[in-house]
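K.L.:
following is a predicted model, sequence given first.
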Amino acid sequence: MVIDDHFWKPKMQLWASTTINDVFDKFEGKHKASVEERARNNAFLNFNQVAEGKVNTGKHVGFPWFDGLVYETIRGASDYLKHIPDPKLESRIDHYIDAVGRAQNVRPDHYLNTYTQLVEPGHEWGENGGFLRWQHDVYNAGMLVEAGVHYYKATGKTKLLSVAVKLANLMTATMGTAPKKNIIPAHAGPEEAMMKLYWLFKEEPDLKKKLEVAVIENNYYQLATFWIENRGNHSGFPLWAAWGNEASEKWIKDTKNQAKLVNSRPTWGNYAQDSVSVFQMPTIEGHAVRATLLATGMAAAASENKDSRYLQTLHRWWNNMVGKKMFITGGVGAIHFDEKFGADYYLPTDAYLETCAAVGSGYFHKRMFDLTQDGKYIDELERVLYNSLLTGISLSGDNYTYQNPLNAHNHKRWDWHECPCCPPMFLKITSELPDYIYSIANEQLYVNLFVGGEARLQLKNRDQFVIRQETEYPWKGKVALTVETKRPQKLPVHIRIPGWAIGKENPLGLYTSDLNTVVKLFVNGRPHKISIDKGYAVLNQLWKSGDRIELVLPVEPRVIEANRAVKDLQRKVALASGPLIYCLEEDNQSVLDAFQFPRKVNMQLLYNSNLLNGVNTISVKDKTGKHFSAIPYYTVGNRKEKTAYRVWLSTE
Ligand SMILES: [Zn+2]
């Protein structure tokens, strides 16, 4: 798929050139002024230290999960290379890969986690009184595995894949059902990574010959499902909820308690989805990034095994998240403490909403679509993309956010963060955007996202089916699709009709809107009556070159209200147009405090090419006649260094 439009193409190019190099530069500490400070912030020094044979130095740059963040950036950059080749960037990554490989070669067993090696030797994988929830050994290894797979797919180079396979093999030899050890990732993510490694070798068995290490791909699948199914299988201690984080951590590290952990392990708590078996967890709980990435890994495994326990849990969690815990921007994880999900219907306007959690939920939505081919999952993926993700980066492509509250004062982006987890996650999901636009499942085509460009789609035993999409979405609602095929071919084409466009703001009634117009669909200029099946209008006909589908979605401004069960959002409204959520932004907080959304309102959608790289504004007058101009939520914080903004507006 080649993206060629006015909205995404310039953004993708900016992120591919500016953002990726900015993130690598900052991981090298290049944003710091002095030589000493640069060294103190250079995460690559960790790999160099380990490669030089240093252990137990007590010195490590950044948090224990920095290895993982570097690998995640490599994964995201790899996927950008697939679409936007850049030899200079590729050689930059090769240089990093060499450093990672050198660090791994120090140990004959190929174990690698720079934090544990430099600061906590002997506590590999959190064993022997180690604290895995902090050390991130398994998480980092998982991120290395996915980076190896993605970099191979982008470049055909096997060097990082070899490194990844060696570490994966060490994990499959170490972890699993007895007599192997009961070790699970205390931060989810490795589950999906292992599924990707398994699928890669299943799809390309000859690839095994190119690696200098043994590959038994079924072991990777076995480990992924072990990690999922063994959550909740632990000693029962520490009691996180009763004792608190500090005392629990102390208990784990206390050598006196090691006897209690023979043939078992500590629990990583509800925070890490490890209190009870995931199949018994009624709702989605705990640290929101961990929870959504675990759901993503479970959905990946479920697409392989179709296990009903997995499927029931996934549907239960997704319904709980989207129906009771998701914010109007698609953000999740309401609570700052433990960065976790709140109770049902707890959706305060100043909620935490980490960018990474939005990425995790985006992956979860996409995997649920892959399992079900239901358009409601893409509706929510679209909500995440246009709102929660886009707001995570400045229009300049080199400033970021961690928290994304819906109403804020003194909102400020940062150029770098002591925990810079969000920029790598942002790169990982945005680099996959071209793959989200169309899907092929059961020999049928799904048009999921409205992004201009051309896709050459290959269905099994068929001629290539080329589809060209032209649109000014999200600024205009018209989408035109033109077909090209060598010979006429019959093919069911599913066109997504977004829930927001038909008055279904949320599939479970958490939000409603006042939109009162209809979606129009034309095939070769003739109106086509829409009947919606699982979120799609299905066109099943003989397609020939030049056939044209036109979809017209209603992007006029709409007013959204939250379900009455949401106490924090009573007598408040949010504005939207198409997939975009809007907000009012002011330098002065008091202007927003005084604003009341009028009972009777006349709103206008106006395109302003000089504002924020070109956006539609929604023009509103309050009851005093004062004029306000709402901007897309994703553009906040780009005009002044600090601003106040509101998505949820008080009403008269
Ligand atoms: Zn983050």
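P.N.:
Structure's in. What do you need?

K.L.:
rest of the way, CA atoms for contacts and neighbours
P.N.:
Noted.

K.L.:
residue 542 and the ion, how far apart?
P.N.:
Taking C-alpha to the ion, to the nearest Å as the measure, residue 542 falls 47 Å from the ion.

K.L.:
which element is the residue nearest to that residue when sequence neighbours are not counted on?
P.N.:
Of all residues not flanking residue 542 in the chain, residue 490 sits nearest, at 4.0 Å (C-alpha to C-alpha, 6 or more residues apart in numbering). Per DSSP states H and E: residue 490 is located in strand 489-496.

K.L.:
could you do residue 298 as well?
P.N.:
In the assignment (DSSP H and E), residue 298 maps to helix 288-305.

K.L.:
and the contacts of that helix?
P.N.:
187-193, 195, 221, 224-225, 228, 272-273, 284-285, 310-311, 314, 332-333, 339-341, 356-358, 360-361, 363-364, 367-368, 370-371 (C-alpha atoms under 8 Å, 6 or more residues apart in numbering).

K.L.:
near the ion, from those residues?
P.N.:
residue 356 (C-alpha under 5 Å from the ion).

K.L.:
which of the contacts of helix 288-305 fall in helices?
P.N.:
With DSSP state H as the criterion, helices contain 190-193, 195, 221, 224-225, 228, 310-311, 314, 356-358, 360-361, 363-364, 367-368, 370-371 from among the contacts of helix 288-305.

K.L.:
what about residue 166, distance to residue 592?
P.N.:
To residue 592, residue 166 is 56 Å away according to C-alpha to C-alpha, to the nearest Å.

K.L.:
er, residue 246 I mean
P.N.:
40 Å.

K.L.:
which residue of those two possesses the greater neighbour count?
P.N.:
residue 592 (18 against 9; other C-alpha atoms under 10 Å).

K.L.:
list the residues that contact that one.
P.N.:
With C-alpha under 8 Å, 6+ apart, residue 592 has these contacts: 584, 585, 586, 644, 645, 646.

K.L.:
now do stretch 67-82, average pLDDT.
P.N.:
Across stretch 67-82, pLDDT averages out at 98.

K.L.:
how about stretch 438-452?
P.N.:
What stretch 438-452 shows for mean pLDDT is 97.

K.L.:
contacts for it?
P.N.:
With C-alpha under 8 Å, 6+ apart as the test, stretch 438-452 has contacts from 3-5, 8, 370, 373, 375, 378, 382, 436-437, 459-460, 468-473, 479, 491-496.

K.L.:
filter those residues down to the buried ones.
P.N.:
Buried members of these, counted by 16 or more other C-alpha atoms under 10 Å: 3-5, 8, 370, 373, 375, 378, 382, 436-437, 459, 468-473, 479, 491-496.

K.L.:
residue in the stretch 151-300 of the chain nearest to the ion?
P.N.:
Of all residues in the stretch 151-300 of the chain, residue 289 sits closest to the ion, at 7.9 Å by C-alpha to the ion.

K.L.:
residues near the residue of the chain found nearest the ion, how many?
P.N.:
For the chain and the ion, the shortest gap (C-alpha to the ion) falls at residue 422, measuring 3.5 Å. Number of residues near residue 422 (other C-alpha under 10 Å) recorded here: 24.

K.L.:
who's the closest spatial neighbour of it, skipping the chain neighbours?
P.N.:
Excluding the flanking residues, the one nearest residue 422 by C-alpha to C-alpha, 6+ apart is residue 356, at 5.2 Å.

K.L.:
and the strands in the stretch 551-652 of the chain?
P.N.:
For the stretch 551-652 of the chain, the strands defined by DSSP state E, counting those that start in this stretch occupy 558-562, 572-577, 580-586, 604-608, 615-621, 627-632, 643-646, 649-650.

K.L.:
so can I have JSON lines of those showing distance to residue 256?
P.N.:
Shown next, in JSON lines, are these (distance: least, C-alpha to C-alpha, whole Å):
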{"stretch": "strand 558-562", "distance to residue 256": "51"}
{"stretch": "strand 572-577", "distance to residue 256": "55"}
{"stretch": "strand 580-586", "distance to residue 256": "54"}
{"stretch": "strand 604-608", "distance to residue 256": "67"}
{"stretch": "strand 615-621", "distance to residue 256": "62"}
{"stretch": "strand 627-632", "distance to residue 256": "56"}
{"stretch": "strand 643-646", "distance to residue 256": "52"}
{"stretch": "strand 649-650", "distance to residue 256": "55"}
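
K.L.:
TSV please, covering those strands and showing mean pLDDT, mean neighbour count and distance to residue 455.
P.N.:
Listed next are those as TSV, based on pLDDT from 0 to 100; neighbours: other C-alpha atoms under 10 Å; distance: least, C-alpha to C-alpha, whole Å:
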stretch	mean pLDDT	mean neighbour count	distance to residue 455
strand 558-562	98	21	32
strand 572-577	98	22	27
strand 580-586	97	25	25
strand 604-608	97	14	29
strand 615-621	95	20	26
strand 627-632	95	20	28
strand 643-646	94	23	38
strand 649-650	96	20	41
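
K.L.:
one step back: the residue of the stretch 151-300 of the chain closest to the ion: how many residues sit nearby?
P.N.:
27.

K.L.:
what's the pLDDT at it?
P.N.:
Reported pLDDT for residue 289: 98.

K.L.:
one more: residue 601?
P.N.:
Confidence score, pLDDT, at residue 601: 86.

K.L.:
ok, now how distant is it from residue 502?
P.N.:
Using C-alpha to C-alpha, residue 601 is found at 21 Å from residue 502.

K.L.:
so between the two, which is more surrounded?
P.N.:
residue 502 (16 against 12).

K.L.:
got a list of what that one touches?
P.N.:
By C-alpha under 8 Å, 6+ apart, the residues touching residue 502 are 515, 516, 517, 518, 519.

K.L.:
for residue 56, see how far away it is.
P.N.:
Distance from residue 502 to residue 56, by C-alpha to C-alpha: 60 Å.

K.L.:
how many neighbouring residues does residue 359 have?
P.N.:
Neighbours of residue 359 under the rule other C-alpha under 10 Å: 29.

K.L.:
per-residue pLDDT, it?
P.N.:
Residue 359 carries a pLDDT score of 98 in this model.

K.L.:
quick one: low-confidence parts of the stretch 101-250 of the chain?
P.N.:
Residue ranges of the stretch 101-250 of the chain with pLDDT under 70: none are present.

K.L.:
settle this for me: residue 374 is touching residue 537, isn't it.
P.N.:
No: taking contacts as C-alpha atoms under 8 Å, residue 374 lies outside contact range of residue 537: 11.6 Å.

K.L.:
give me the more crowded residue out of these two.
P.N.:
Applying other C-alpha under 10 Å to residue 374 and residue 537 shows that residue 537 carries more neighbours, namely 20 against 16.

K.L.:
surely the more buried one is within a strand?
P.N.:
Yes: assessed by DSSP: H, G, I helix; E, B strand; the rest coil, residue 537 belongs to a strand.

K.L.:
which residues does the closest residue to it other than its chain neighbours contact?
P.N.:
Nearest non-adjacent residue to residue 537, counting by C-alpha to C-alpha, 6+ apart: residue 495, 5.1 Å away. Contacts for residue 495 (C-alpha under 8 Å, 6+ apart) come out as 446, 447, 448, 536, 537, 538, 539.

K.L.:
same question, residue 541
P.N.:
Counting by C-alpha under 8 Å, 6+ apart, residue 541 makes contact with 490, 491, 492.

K.L.:
which helix or strand contains it?
P.N.:
Under the assignment here (DSSP H and E), residue 541 is part of strand 536-543.

K.L.:
so for that strand, what gets flagged as buried?
P.N.:
Going by neighbour count (16+ other C-alpha under 10 Å), the buried part of strand 536-543 is 536, 537, 538, 539, 543.

K.L.:
near the ion, which residues of this protein?
P.N.:
Residues of the chain lying close to the ion by C-alpha under 5 Å from the ion are 356, 421, 422.

K.L.:
I figured the last one hits residue 402, correct?
P.N.:
Yes: counting by C-alpha under 8 Å, a contact exists between residue 422 and residue 402, whose distance comes to 6.3 Å.

K.L.:
give me the common contacts of these two.
P.N.:
Jointly contacting residue 422 and residue 402 under the rule C-alpha under 8 Å, 6+ apart are 354, 355, 356, 392.

K.L.:
the second one reaches residue 390, doesn't it?
P.N.:
Yep, that's residue 355 we're talking about. No: with contact defined as C-alpha under 8 Å, residue 355 does not reach residue 390; the gap is 9.5 Å.
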